Every structure is written in C-alpha cells, then in structure tokens.
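>>> Build me a model:
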Amino acid sequence: MGGLLTRQGSTLLVANRRRDGRVEWTPPGGVVDRGEVSEEALSREVLEETGLIVEGWSTAIYRVTVDFPDRSMLLGVSVHLASGWHGDLVFEDPDCIVEDARFVEPDEALLLLATAPPWVAEPVSAWLSASLPEPAGDSVPHFSYVARGSNPSELVIERLAPGPG
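Purely as a prediction, here's the structure:
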C-alpha cells in the first residue's frame, strides 16, 4: 500500500534508508499485515513512518505490480490519496527505515524520486505531472514491471507494456 498526502500543492515524501546504505525517497506506505484491512494498514504505516494521522483515503488512484522472478516474489501495490490528515511529522519508525520526511513541491519531488526504484518513481511522477494513463472502465491505471536479479542495488528492471487495470 502506498499513500499520497498533499498540502497546498506539496506532496509528502519519506527518506528510506536501505540495508546497503542507499536512501530512497518515496511516498509513505508499507505492507498489509495478516487480518488488516488495506486502508487501515496504510493509515498505520503512515502513522508509524511520519506521525501523521490520516482521516480517510480515496479509492485506488493507480496500481503497481512488480514480478521478481529470481526471488519468486510478486509485489502488488495499491496507491491512495489521503482525503484528510493531521498531526506533526515525527520519526519513530519501528522498522528503523524512515529517517526523514517532508512536503515538497513537484519539481523537488521529481528530483528526490530519482532515488527510488522505477516502479515507485514513474507512477508518482505521472501523478505529479497529471499524466496518469486514462482509466479503462472501472479499472485504475496499472504500472507493471519485472525486476531481475537478487541484489536490490543491481536489479535489471523492465517496464511492461500497459495493460488493462
């Protein structure tokens, strides 16, 4: 799950410190734990990573899938826009990954997103520039990737042709 929080034209990005020391700037988000509802999990992740309390979420505005064939893993992400939030930025991430967060204007966001994997950077950049693919019927835009390799810093990533949501 991923969440987009905005404030007066700025978007919240968090700095994630990866195991190999790299920092990736991404929107906040994380995994749905067993027994959790997706939007509740997203609210929990945002609270853990930023200290902000989200009041509600839109339906998914886009989806991302990443196939990691060399790791026998398929990542599925649904991204939502916060309809409201409150609180102050606090960094007490229990996973000790998030070390900073800030609301940034679109130009700075695009620069920071260059540190993120393509499956994060490309869809968020499309959303920021209002160039998301058009929905097809009831489906939302879908970004699909294959990431080959087992070392996260050396993945070979291919974006697949857009298909139905």
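
>>> so L52 touches V46, yeah?
Yes. Between L52 and V46 there is a contact under C-beta atoms under 8 Å: 5.7 Å. Just so you know, the C-beta spots here come from the backbone N, C-alpha and C atoms, and that holds for glycine as well.

>>> Please enumerate the shared neighbours of these two.
Listed as contacting both L52 and V46 by C-beta atoms under 8 Å, 6 or more residues apart in numbering are 5, 85.

>>> of those two, who's got more company?
The neighbour comparison of L52 against V46 (other C-beta atoms under 10 Å) goes to V46, with 28 against 20.

>>> now that one: how far from V66?
21 Å (C-beta to C-beta, to the nearest Å).

>>> ok, now P152?
From P152 to V66 the distance is 12 Å (C-beta to C-beta).

>>> Which of the two has more residues huddled nearby?
Legend: neighbour count by other C-beta under 10 Å for P152 and V66, higher for V66 (22 against 15).

>>> give the contact list for the more buried one.
Here V66 is in contact with 74-75, 77, 119, 144-147 (C-beta under 8 Å, 6+ apart).

>>> Could you give the bridge partners of it?
L75, Y145 (DSSP bridges).

>>> so where's the protein shaky on pLDDT?
135-136, 162-165 (pLDDT under 70).

>>> just the helices in it please.
Taking DSSP state H as the criterion, the chain contains helices spanning 38-50, 106-113, 118-128.

>>> Go through these and name the closest to S83.
Nearest to S83, of all those, is helix 38-50, at 10.6 Å by C-beta to C-beta.

>>> Give me the helices and strands touching that closest one, please.
Applying 3 or more C-beta pairs under 8 Å, 6 or more residues apart in numbering; DSSP states H and E, one finds that helix 38-50 contacts strand 2-4, strand 10-17, strand 53-57, strand 73-86, strand 98-104.
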